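Asks: no FASTA, just this:
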């Protein structure tokens, strides 16, 4: 039941009038769930996500049962529970995209939990305000940008809050175990939540002062400790050099310019998250971004002004929330020299609580005009924050970056300008479809090799019923060689592909040039996140081709090419997206043999040079 004392101090309206807020809250949560799932299906993920899917696949098909989980900054390893949470989705669907959507379902549970928690704390009106505020923090897209275990940090923290609320009136052994499970879920989502686990535990100990309460909370702590033990029992040895030493961490990360970075992090939480989202995740021009950001800040200022409309008890709660938020910010800047986007998420539920209290002041009657003003401003703030979701609800042909800042690596950074770069975007649903390339022993090249290696050949594993004999790049391998490039590039090559799968043009009439050695399918080890790369030193490649052939280079940018000559003349660069280049012989005609000379002036990783043979 909601707290009757708080209801009495904040609800002059009758309870029946709250039914509309309950309906609005559920409608909003369902909308957010749909947005998260749709965006999840269309996301490409990050390296940590692909590692998670690899281990989930191994578990799903009973091939490996890991004892160690995701590594944290090369210092410690979490338990393997996150991989086991994802494994059923992989087993039931056999699709990476479904695993991505499942992660977003777990992430979107935060809105439903916020609605329930807010209703329990005050009423349905505050439940709606808290659920909306979760989406209005300016960082709502974070779980989509980094869809790994930190994507559920907010969900687990709200579970912890609900567990603590249930322990508030009566701390029993059963509730202590549930509290311990919620605390363990928080720590495994990300260790930055440990501060909230400690605060919640101390608050319960203060409320239920006594030896019995201490013993029950010790039981909760045992649940957390037991969940962290499996990596210590892992029979697989840890590869040398993978773990960072405590001395290195202490000398390079602890307490680096804490005062300056604290102020920047607070600014990043309140307003700069929205700035970065609008700059990088929308297609709006810079003047529009500035206008939208100013409007967002005005709505936020109005929300904070709503605190003055609250009863004294809730204003005290607002002050406590601000103090706890400041404590968490101080913790984040002390333990890491930078605060990447996935670490920010541990502060977002408290930030949302701060916002929600302000909006609650406006949404509580009377008079009606106040509710109308507050409701309109809240809707505008949520809409502006969710504008960033649009980038993952459509086909992506280009992305924006800030030349002067990288808020993904450090959320405290802010840039005042952006540049647009073309990208070859293959979301998870299209990568899944590449399993149709077949199960015969094959060497893959180009974008096809890059995507399939990054996905650890999981689509082929699912399609073939076993791990295939697949290799990536290299001219020295016997058997079939297949090149895959984005379909948009075929217009520049003027050579029709042999087949097209999910936007990937596949060529079988190819001749690999080099390097001689490629890589084979990677089997991940403890703390390993990405496949092993091969380094190619600067050198000159000479080979022969026909006049109508096209030379494909993958794994290198045009700036790393010293010279590219064909038939004694400068070759023509006809296509470039990221690390994929296509050259043709400028002025060559007919079927004559052409001598090529390509000088690479910088080291390259996973270099791949292939000739696409004209029919």
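Replies: Noted; the coordinates are in hand. None of the values given here were measured: they were computed from a predicted structure.
Asks: Following the chain past the helix or strand harbouring residue 249, name the next helix or strand.
Replies: Per DSSP states H and E: residue 249 is located in helix 246-252. Going down the chain from helix 246-252, the next helix or strand is helix 258-267, by DSSP H and E.
Asks: Quick one: mean pLDDT for that following helix?
Replies: Average pLDDT, helix 258-267: 95.
Asks: the helices in the stretch 51-200 of the chain, which residues?
Replies: 81-93, 96-121, 124-135, 142-145, 153-169, 173-189, 194-207 (DSSP state H, counting those that start in this stretch).
Asks: Contacts only, for the closest residue to residue 456 other than its chain neighbours.
Replies: Residue nearest to residue 456 in three dimensions, not counting chain neighbours: residue 54, with 4.5 Å by C-beta to C-beta, 6 or more residues apart in numbering. Every C-beta, even on glycine, is put in place using the N, C-alpha and C of the backbone. The contact partners of residue 54, taken as C-beta atoms under 8 Å, 6 or more residues apart in numbering, are 456, 458, 524.
Asks: Could you give the number of residues near the second one?
Replies: Applying other C-beta atoms under 10 Å, we find 24 other residues in the vicinity of residue 458.
Asks: Just to check, it is in contact with residue 55?
Replies: No: checked against C-beta atoms under 8 Å, the pair residue 458 and residue 55 is beyond contact range at 10.7 Å.
Asks: hang on, the earlier thing: keep only those of the contacts of residue 54 that are in strands.
Replies: Residues of the contacts of residue 54 located in strands (DSSP state E): none.
Asks: Make JSON lines from those and add pLDDT and distance to residue 100 to it.
Replies: Output for the contacts of residue 54, formatted as JSON lines (pLDDT from 0 to 100; distance: C-beta to C-beta, whole Å):
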{"residue": "456", "pLDDT": "95", "distance to residue 100": "15"}
{"residue": "458", "pLDDT": "96", "distance to residue 100": "12"}
{"residue": "524", "pLDDT": "93", "distance to residue 100": "19"}
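Asks: So which of the residues you listed sit within helices?
Replies: If you go by DSSP state H, those have residue 458 in helices.
Asks: how about low-confidence regions in the stretch 401-550 of the chain?
Replies: Applying pLDDT under 70 to the stretch 401-550 of the chain flags no residue at all.
Asks: and what of the chain?
Replies: Using pLDDT under 70, the chain drops low at 1-17.
Asks: center of it - which residue?
Replies: Residue closest to the average C-alpha location in the chain (C-alpha atoms, centre = their mean): residue 146, at 0.8 Å.
Asks: Contact partners for that one?
Replies: 46, 48, 49, 341, 342, 408.
Asks: Select from these every entry located in helices.
Replies: 48, 49, 341, 342.
Asks: could you dump those to TSV with distance to residue 436?
Replies: Listed next are these as TSV, based on distance: C-beta to C-beta, whole Å:
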residue	distance to residue 436
48	27
49	22
341	34
342	33
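Asks: what two of the residues you listed are the furthest from one another?
Replies: 49 and 341 (13.7 Å; C-beta to C-beta).
Asks: Drop anything exposed from the ones in helices among the contacts of residue 146.
Replies: Taking 16 or more other C-beta atoms under 10 Å as the criterion, what is buried in the ones in helices among the contacts of residue 146 is 48, 49, 341, 342.
Asks: Spell out the secondary structure type for residue 447.
Replies: Following DSSP: H, G, I helix; E, B strand; the rest coil, residue 447 is assigned to helix.
Asks: Residue 147 versus that one, what's the distance?
Replies: Noted for residue 447: a distance of 22 Å to residue 147, by C-beta to C-beta, to the nearest Å.
Asks: What of residue 552?
Replies: Relative to residue 147, residue 552 is positioned 31 Å away (criterion: C-beta to C-beta).
Asks: try residue 41
Replies: For residue 41, the distance to residue 147 equals 11 Å [C-beta to C-beta].
Asks: Those two: who's more crowded?
Replies: Neighbour totals were compared for residue 41 and residue 147, and residue 147 leads with 29 against 18 (other C-beta under 10 Å).
Asks: isn't the more buried one right next to residue 45, touching?
Replies: Yes: counting by C-beta under 8 Å, residue 147 does reach residue 45; the two are 5.6 Å apart.
Asks: Quick check: neighbours shared by those two?
Replies: residue 100.
Asks: winner for burial among the helices of the stretch 51-200 of the chain?
Replies: Highest mean neighbour count of the helices of the stretch 51-200 of the chain: helix 124-135, a mean of 29 (counted as mean count of other C-beta atoms under 10 Å).
Asks: now the angle from that one to helix 153-169?
Replies: 150 degrees (axes from the mean of the first three to the mean of the last three C-alpha atoms, to 10 degrees).
Asks: ok now helix 124-135, how far from the chain's centre?
Replies: In terms of C-alpha atoms, centre = their mean, to the nearest Å, the gap separating the centre of helix 124-135 from the centre of its chain is 24 Å.
Asks: which residues are contacting it?
Replies: When contacts are defined by C-beta under 8 Å, 6+ apart, helix 124-135 is touched by residues 18-19, 21-22, 24-25, 28-29, 32, 110-112, 114-120, 140, 154, 348-349, 352-353, 355-357, 359-360, 363-364, 378, 382, 385-386.
Asks: That helix to helix 96-121, inter-axis angle?
Replies: 140 degrees.
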